[in-house]
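Asker: sequence and predicted structure, then a few things I'm wondering about:
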Amino acid sequence: MATKKSSTVTAAPSATPAGGFFDIPLALIIVGEQIRSRIDQEGEEFLALVESIRAKGVLESIIVTPRDGNYLLIAGERRLLACRKLGLATIPARVIDAVTARDEILALQLTENLQRADLDPIDTAQAVVGYIKERHGDEAFDTDGITNTMILLEREPGLVKKEVVDTVSTIQKISGKSLRSLERSCSLLKLPEEIQNALRGAMIGVSQGYIFAANLDHPLLMDIFQRAIGEG
């Protein structure tokens, strides 16, 4: 998607109109916690992005919000890293109204990222779980608690707090996923790290990950996992 015409930022972030498109100096952009937990800067996909930006420029603006005299990145970390790798001075960015609350930032990141096909299933699950924990920290939710709550919401919604129901409904609207799909996605975080890494690397499919997550107590779990990798 081509970006709208942008102008170069010359004023302080506090003076930059929200909702506009600007060429922001890379030195002014700070990166906080992102939904995508890791980016392989030597991987084929990332290097292809670098070459695309070298040849055509940044075709889709990153999203930032003013923060303490700089700009906090909301979405577009891969594009930002690619521009830094190329040694560019600025990057096209859409500046949105100042956002400070962590759950609001997570909601924006969910909106921008959960519908991307290249977000790996573990990052997707962590994004959902992280958003729920941020919104309902007083519930002391862990992954089991979140998946159990989603199961209860599906079976007996009247037993789940309205605030939690609203949060899950928000995630459903953002992601376009059913309640069952979200529950299965979150269950992937119960898997041993080795299996999670295999999911990240597409060594096994997401459907296989769901099966493993549903059979964590199986005595041959890791043996079957190794066979699955070996057989592709």
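Answerer: That came through, no problem. Every value quoted in this text rests on a predicted model; they were computed, and no experiment measured them.
Asker: shaky segments in the chain?
Answerer: 1-19, 34-38, 100, 113-118, 138, 140, 232 (pLDDT under 70).
Asker: please enumerate the strands of it.
Answerer: Here the chain has its strands, by DSSP state E, at 7-8, 21-25, 29-30, 62-67, 70-75, 90-95.
Asker: so how far is the fifth one from its chain's centroid?
Answerer: How far strand 70-75 lies from its chain's middle: 14 Å, per Cα atoms, centre = their mean, to the nearest Å.
Asker: dump the strands of the chain to TSV, plus mean neighbour count and distance to D217.
Answerer: C-betas here are computed from N, CA, C, even on glycine. Shown next, in TSV, are the strands of the chain (neighbours: other Cβ atoms under 10 Å; distance: least, Cβ to Cβ, whole Å):
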stretch	mean neighbour count	distance to D217
strand 7-8	10	58
strand 21-25	20	50
strand 29-30	18	43
strand 62-67	22	42
strand 70-75	22	38
strand 90-95	23	47
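Asker: between these, which one is closest to L119.
Answerer: strand 70-75 (11.3 Å; Cβ to Cβ).
Asker: show me the contact partners of that closest one.
Answerer: For strand 70-75, contacts defined as Cβ atoms under 8 Å, 6 or more residues apart in numbering pick out 13, 24, 28-32, 34, 62-66, 80, 93, 95-96, 99, 105, 108-109, 112-113.
Asker: any chance of CSV for the strands of the chain, columns distance to I39?
Answerer: Shown next, in CSV, are these (distance: least, Cβ to Cβ, whole Å):
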stretch, distance to I39
strand 7-8, 26
strand 21-25, 20
strand 29-30, 15
strand 62-67, 14
strand 70-75, 13
strand 90-95, 16
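Asker: among these, which comes closest to I146?
Answerer: Of all these, it is strand 70-75 that lies closest to I146, at 23.7 Å by Cβ to Cβ.
Asker: ok and the closest one relative to strand 90-95, angle-wise?
Answerer: If you take axes from the mean of the first three to the mean of the last three Cα atoms, to 10 degrees, strand 70-75 sits at 80 degrees to strand 90-95.
Asker: and strand 70-75, which strands flank it?
Answerer: With DSSP bridges as the criterion, the sheet partners recorded for strand 70-75 are strand 29-30 (parallel), strand 62-67 (antiparallel).
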